[in-house]
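# with the sequence up front, the predicted model follows.
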Amino acid sequence: MRTRTRYLFLILLLFLGLNGYVRADNPNGSCNITSHEVALDGGILYYNMAGTTGPHILLLHGLFAQKEQWNSVLCLLSTAGYAAIAPDLPGYGQSVDFPLADYKLENQVERLRQFMSALGIATFDLAGSSMGGTIAALYGRRHPQQVRTLAFIGSPLGIVGWSPQIREAIYQGVNPFIPIAITEFDLEMRLLFANPPSIPESVKAALVKDYIERNRHYQQVWNIVNLYDTVLEDGPPIWIPTLVLWGTDDRIFSVEGADRLRYRFPRNKRVKLPAVGHLPLLENPEATTRIYLNFLSTQPGRRFWGR
């Protein structure tokens, strides 16, 4: 069943690609994305990688997502001279052998520490999308000596409450992140994207069927992750240089949250990307990567690693 879920997600990414949201390759040249695995305590973690030389960048996906959503950004970063790594977080995608307890974000941080240690990578740049951004921040808080820079590629969980659209849906008994009807899936797409992609009804139906069949699992994960809705407001400031990239049309978390993050991450650069929703890595990967590379190049002692 987990394998079927993975293929359904890849089919969805295919149709996002047909709509111009995901590039299979780098428009500026060839891109070779390779797949690997590492055995950790509790399970096997699978990851994709593009680029073998240059500084390492670790990219973390969001809730109910998979590593492949980073493919376009992986290619663009590798062409710029970076070695970019995108794992399936423990419990997601192919990395399915981990226990339910590892959905706790603190446990995600520990598994990622083990992962980077197994790869022999001592320091790296760290970026995340949505929940992945929250995990990145918690990693930076716990292991600041390892993290050169942080980046929120889209709004993170934990600094501002759910949008009015999300709240209204939940008041109506609908969790748009666990759609059990095609109308609910359509709502999810409208919330995630400034310009929702066109997806065949048959693909929608297959994805909804999976949410129905594995509803208890999805609900359990949602219940765990939703406990972290204020986690970035807690604790001392994090002084790692941080990029805050937020879509102006984000309908998951209000763009006002970008300004609130400046108090928690004092060494920040904030960029609000117009006409983009919650997932800039999918909706505009070229602009997203360009902004990220510019941020990396401006750090003290750093240069642009373009080829």
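Arrived safely.

# the strands in the protein, which residues?
33-40, 43-50, 56-60, 83-87, 124-128, 147-153, 242-247, 268-273 (DSSP state E).

# can you list the buried residues in the last one?
Using 16 or more other Cβ atoms under 10 Å as the test for burial, strand 268-273 gives Asn268, Lys269, Val271, Leu273. Placement of C-beta: from N, CA and C, glycine included.

# Gln219 is nearest to which of the strands of the chain?
Closest to Gln219 of the strands of the chain is strand 43-50 (Cβ to Cβ; 21.3 Å).

# run the angle between that closest one and strand 83-87 for me.
Strand 43-50 runs at 140 degrees relative to strand 83-87, counting by axes from the mean of the first three to the mean of the last three Cα atoms, to 10 degrees.

# list the buried residues of strand 43-50.
Buried residues in strand 43-50 (16+ other Cβ under 10 Å): Gly43, Leu45, Tyr46, Tyr47, Asn48, Met49, Ala50.

# dump these to TSV, plus pLDDT and distance to Phe115.
Putting these into TSV (pLDDT from 0 to 100; distance: Cβ to Cβ, whole Å) gives the following:
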residue	pLDDT	distance to Phe115
Gly43	95	11
Leu45	98	5
Tyr46	97	10
Tyr47	98	8
Asn48	97	13
Met49	97	12
Ala50	97	17
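
# and which of those is nearest Asp186?
Out of the buried residues of strand 43-50, the member with the shortest distance to Asp186 (by Cβ to Cβ) is Asn48, at 29.1 Å.

# which one of the buried residues of strand 43-50 is nearest Gly128?
In terms of Cβ to Cβ, no member of the buried residues of strand 43-50 lies closer to Gly128 than Tyr47, at 14.3 Å.

# closest one to Leu279 among the strands of the chain?
In terms of Cβ to Cβ, the element of those nearest to Leu279 is strand 242-247, at 7.8 Å.

# show me what that closest one is packed against.
Under the contact definition 3 or more Cβ pairs under 8 Å, 6 or more residues apart in numbering; DSSP states H and E, strand 242-247 sits against strand 147-153, helix 256-264, strand 268-273, helix 280-283, helix 285-297.

# if you drop the residues flanking it in sequence, what lies closest to Gly62?
Of all residues not flanking Gly62 in the chain, Ser130 sits nearest, at 3.1 Å (Cβ to Cβ, 6 or more residues apart in numbering).

# and that neighbour, how far is that from Gly158?
Distance, Ser130 to Gly158, using Cβ to Cβ, to the nearest Å: 10 Å.

# quick one: contacts for Glu233?
By Cβ atoms under 8 Å, 6 or more residues apart in numbering, Glu233 lies in contact with Gly158, Ile159, Arg264.

# make TSV out of those residues and add neighbour count and pLDDT.
Output for the contacts of Glu233, formatted as TSV (neighbours: other Cβ atoms under 10 Å; pLDDT from 0 to 100):
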residue	neighbour count	pLDDT
Gly158	24	97
Ile159	26	96
Arg264	19	94
